[in-house]
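Colleague: Below are the sequence and a predicted model for it; my questions follow.
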Amino acid sequence: MSLAVARLSARRGAREVLTGVSFSAHPAQILGVIGPNGAGKTTLFECVAGVLPYARGEVTGAERFYVPDAIRPWPDQSVRWTLDLFGAADDALLGELDLLRLLRAPVGTLSKGEAKRLGLALGLAVPRPVLLLDEPFDGLDLRQTRQVMDVLRRDAASGRTLVLSIHQLSDAARVCDRFLLLDRGRSVAEGTLAELGGNLEEAFLALT
Amino acid sequence: MRSRDLVRKELAELFAARSFWLLLLIAGLLAGQSFISAVNAYAEASNPRALAQGLSPLEGILTPTLGAYDLAITLLFPFVAIRLIAAEKSSDALKLMLQWPVRLGAQIAAKAVALLVAWTISLIPFAVALALWKSYGGALHAPEVVNVLAGYTLRFLLTAALAMAAAAVMPGAANAAIVVLGFTIGTWALDFIAAGHGGIVQTLASYTPAAMLRGFERGLFRADVAIVLIVFSLLGFAIAAIWLHLGRSVRARLVRTAIAAGAAVVIATIATRIDTSFDVSENHRNSFAAADAQALSRIAEPLHVTIFLAAEDPRMNDFASNVLVKLRRSVSRLRVDYPFAGRTGLFDNDDRYGEIHYRLGAKSAMSRSTTEEIVLETIYGLAGIAPPRREESSYAGHPLQTRPAGAAWIFYALWPALVVTAFSALRNRRTG
């Protein structure tokens, strides 16, 4: 096991947004965290990554890196500068993510999909055993989504643990090995597609 | 990531910020305008029929030219410092940085170094002004230049630290800017209220940025002032590092802030007891003549001075800047009271108004004079010391009747062109 979260509770102001969430993630596997808007997915990722405090619970496991959703870091700098800051991403990966032609572009001028692919490249360039990606397919078209899924699958196959927050159930079903269903800050189910009854949509509707 | 890489990253961010280039542009224009006005005013004062004797470039050229930087530090630099943090907060880059295997303290230190580089670059117009002044045949006293620059640099550090702390604590750059400007206005108010007051208010006011600068601009280096400013600058940087740690609860951050602030206050309070100071002015304007200083240092009893003057009274200002500054450096046990502080003095009917009372042990005396010679005679009389023989001051001043030739072209045309060219070149190199 490369990541274990036990009874995690967190508040945003006076509101409790996570209540006793527990799950585990394993090497060379992709865990999909799914749930309706406001289920607490982003809060869960930020608590696990250590960029948001949590009130109770325990997070243990290997070193991890988290890439927030809709991030455009250092908007005045070029894509190349930003990538270099996180270690050299190889050209093959940048080609697959269609970033080679954007290397001199200022990050602030990137479209939603381009910024998303930059975020993925940053996460994949950081050599941590656990990578948390918030909505990795949001803003990507169908072709790009499939390309990114291939990249993520290959990365997981190399031994890394990937934890993805996904709101599109069809995308989640295609790329993830296991699932954690969140609803109103609580984990309501965890397991493989088979363990969840073979149909993610049905399981989602039944449990949330 | 090594410290060098961190600094390089912060410098890249600094040079990418339009606010920095705008600051450079405006600082150059302001410094140029101040320098040109100062040279013209100095030339007029250098007329033998005017007050040419004793003219000092520190007061006539250095201080007015650096006055432009006081404006820049107060109104422009905070935005550059705030941006270094607020931009990373708003773009979520901070969340990535928090996951780097680099301590936040090191990241804040790198930002502080980058801001010091920005400050150094912004001083280029000042350096040009000094070079022009020398080329006109003007005199400069190196210790004065170094001292006044040290004062402004400490002032800059304090502002940078405050701006970074505000940017770290407050949500949004606008809120942080309001906090910094509010602090500055607050210190101006304290400075104003404390004028001519005694006690804790005056002690506090002597450590406001404006009061601190006045000492440096007189050629006086006070160790306590320097230490207090460094300590509170470090506190600002520490608060920035504490509050950027988003993974800690607000309560944990508050506790750490309280501990850091407590430690800073204790160290600063101890520092205020240090009375080491150096008069680096060429005309020794902060010191009595050596013979008088020696005679005063022999007085063992405490000297108590009570000044019955309003803060706004010009005599009060004369006495404070020409006598009290020197007394504080020469008399080890000096107490000053200002019973009429807070009054306007315009319609004062109190018979004691205008009097200055001196008490040394059981003896006391009264005088209305604010001139150095009379004050010293009064104190010697109380102490039973014969006034020492004084030699005439050897400082003749450096009058210079010249025009600021070429300065307008340099500051109003060449400097803006250089700034715009450098900004464009760096932007093209970055993303072109």
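Modeller: In hand now; what should we look at?

Colleague: Pull up the residues of the stretch 51-200 of chain B that are close to chain A.
Modeller: Neighbours of chain A within the stretch 51-200 of chain B, by C-beta under 8 Å from any C-beta of the partner chain: B:A87, B:E88, B:S91, B:D92, B:A93, B:K95, B:L96, B:L98, B:Q99. From N, CA and C alone the C-beta is placed, and that goes for glycine too.

Colleague: Check what pLDDT the second one gets.
Modeller: This means B:E88. pLDDT, B:E88: 95.

Colleague: Does the helix or strand where it lies pack against any helices or strands, and if so which?
Modeller: Using DSSP states H and E, B:E88 sits in helix B:77-90. Counting contacts by 3 or more C-beta pairs under 8 Å, 6 or more residues apart in numbering or on different chains; DSSP states H and E, helix B:77-90 is packed against helix B:3-16, helix B:18-45, helix B:93-97, helix B:104-122, helix B:142-169, helix B:173-194, helix B:223-244.

Colleague: Give the burial count for residue 135, as a bare number.
Modeller: Defaulting to chain A. Neighbourhood size, A:E135 [other C-beta atoms under 10 Å in any protein chain shown]: 22.

Colleague: let's do chain B instead
Modeller: 11.

Colleague: same deal with B:A261?
Modeller: Around B:A261 there are 14 residues (other C-beta under 10 Å).

Colleague: rewinding a little: take the helices and strands packed on helix B:77-90 and lay them out in TSV including mean pLDDT.
Modeller: As requested, these are arranged in TSV below (pLDDT from 0 to 100):
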stretch	mean pLDDT
helix B:3-16	94
helix B:18-45	96
helix B:93-97	95
helix B:104-122	97
helix B:142-169	97
helix B:173-194	92
helix B:223-244	97
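
Colleague: Kindly reformat these as JSON lines and extend each row with mean neighbour count.
Modeller: Listed next are the helices and strands packed on helix B:77-90 as JSON lines, based on neighbours: other C-beta atoms under 10 Å in any protein chain shown:
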{"stretch": "helix B:3-16", "mean neighbour count": "18"}
{"stretch": "helix B:18-45", "mean neighbour count": "20"}
{"stretch": "helix B:93-97", "mean neighbour count": "22"}
{"stretch": "helix B:104-122", "mean neighbour count": "20"}
{"stretch": "helix B:142-169", "mean neighbour count": "23"}
{"stretch": "helix B:173-194", "mean neighbour count": "17"}
{"stretch": "helix B:223-244", "mean neighbour count": "21"}
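
Colleague: now for those, which one comes closest to B:A268?
Modeller: B:A268 lies closest, by C-beta to C-beta, to one member of the helices and strands packed on helix B:77-90: helix B:223-244, at 4.7 Å.

Colleague: by contact count, what packs against that closest one?
Modeller: Using 3+ C-beta pairs under 8 Å, 6+ apart, helix B:223-244 sits against helix B:77-90, helix B:104-122, helix B:142-169, helix B:209-217, helix B:250-271.

Colleague: between the second one and helix B:142-169, how big is the angle?
Modeller: With axes from the mean of the first three to the mean of the last three C-alpha atoms, to 10 degrees as the basis, helix B:104-122 and helix B:142-169 are set at 130 degrees to each other.

Colleague: That'll do, ta.
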